[in-house]
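Engineer: next come a sequence and a model predicted from it.
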Amino acid sequence: MYTFFKFFHLVAAIVWLGGMSFMLLALRPSLPILEAPPQRLKLLVTVLRRFFAAVWAAIGVLLLSGAYMYGHADAQVAPLGWHLMSGIGVLMFLIFGHLYFSPWRRLQQAVAAADWPAAAGRAKAIAQWVSVNFALGWLAVAAITFLA
Ligand code: HEM
């Protein structure tokens, strides 16, 4: 049962971290190929809507499987890497919640209202928050690899 939860924990982490890699390293630098900013922002909204749905699912799986694995060990003897991963994981969930309910909502409203300067500002804020989570995600993986 433990291995089963660990497998899905890994799947969810790969989906989230892989999606952030794609967004930051491939999608965002490629958007200028579309000459009109409205086209870029509309594409971004369409792509992010799908990706963010996958992130919510990944968060649910990470929380459930992480709590199960964590609950299986005696908190006193759990390696430092486990504690760090749990703390960083919760921080990542909070950051995603913020970016989802603030800049992401406002980006959709701005695109619907064809307010392109406001939309560009929200898109930038989303990219910044995703960059923070991207760094935190790898930090969590490093913690569990080197300190467990
Ligand atoms: C509250 C949040 C989280 C908790 C409680 C948690 C807990 C754990 C625990 C206890 C393990 C150790 C399993 C073992 O070595 O047997 C683990 C492994 C792991 N976790 Fe998390 N985790 C959380 C969030 C995350 C996040 C946000 C990511 C990445 C986006 C992540 C990625 C991983 C990876 C890659 C492993 C290594 C699995 C392996 O050893 O093969 N976790 N986690």
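Structural biologist: Sure thing, it's come through. Residues are numbered from 1 along each chain as shown.

Engineer: drop to CA atoms for contacts and neighbour counts, all remaining ones
Structural biologist: Will do.

Engineer: average pLDDT across the helix ranked longest in the chain?
Structural biologist: Scanning the chain for the helix with the most residues, using DSSP state H, yields helix 37-72. Here helix 37-72 scores 96 as its mean pLDDT.

Engineer: for the helix or strand that it is followed by, packing partners?
Structural biologist: Next along the chain after helix 37-72, taking DSSP states H and E as the criterion, comes helix 80-99. Counting contacts by 3 or more CA pairs under 8 Å, 6 or more residues apart in numbering; DSSP states H and E, helix 80-99 is packed against helix 37-72, helix 116-146.

Engineer: element containing the residue positioned nearest the centre of the chain?
Structural biologist: Using CA atoms, centre = their mean, the residue of the chain that lies closest to the mean C-alpha position is residue 16, 5.4 Å off. Assignment of secondary structure by DSSP H and E places residue 16 within helix 2-21.

Engineer: output that helix as CSV, restricted to C-alpha atoms.
Structural biologist: Extracted in CSV, the C-alpha atoms of helix 2-21 (Å, rounded to 0.1, in the frame of the first residue of the first chain):
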residue,chain,number,x,y,z
TYR,A,2,2.9,2.4,0.9
THR,A,3,4.5,1.8,-2.5
PHE,A,4,1.2,2.4,-4.2
PHE,A,5,0.8,5.9,-2.6
LYS,A,6,4.5,6.6,-3.3
PHE,A,7,4.0,5.8,-7.0
PHE,A,8,1.1,8.3,-7.2
HIS,A,9,3.0,10.9,-5.2
LEU,A,10,5.7,10.7,-7.8
VAL,A,11,3.3,10.8,-10.7
ALA,A,12,1.7,14.0,-9.3
ALA,A,13,5.1,15.6,-8.7
ILE,A,14,6.2,14.8,-12.3
VAL,A,15,2.9,16.3,-13.7
TRP,A,16,3.3,19.5,-11.7
LEU,A,17,7.0,20.0,-12.1
GLY,A,18,7.0,18.9,-15.8
GLY,A,19,4.1,21.3,-16.5
MET,A,20,6.0,24.2,-14.9
SER,A,21,9.1,23.3,-16.9
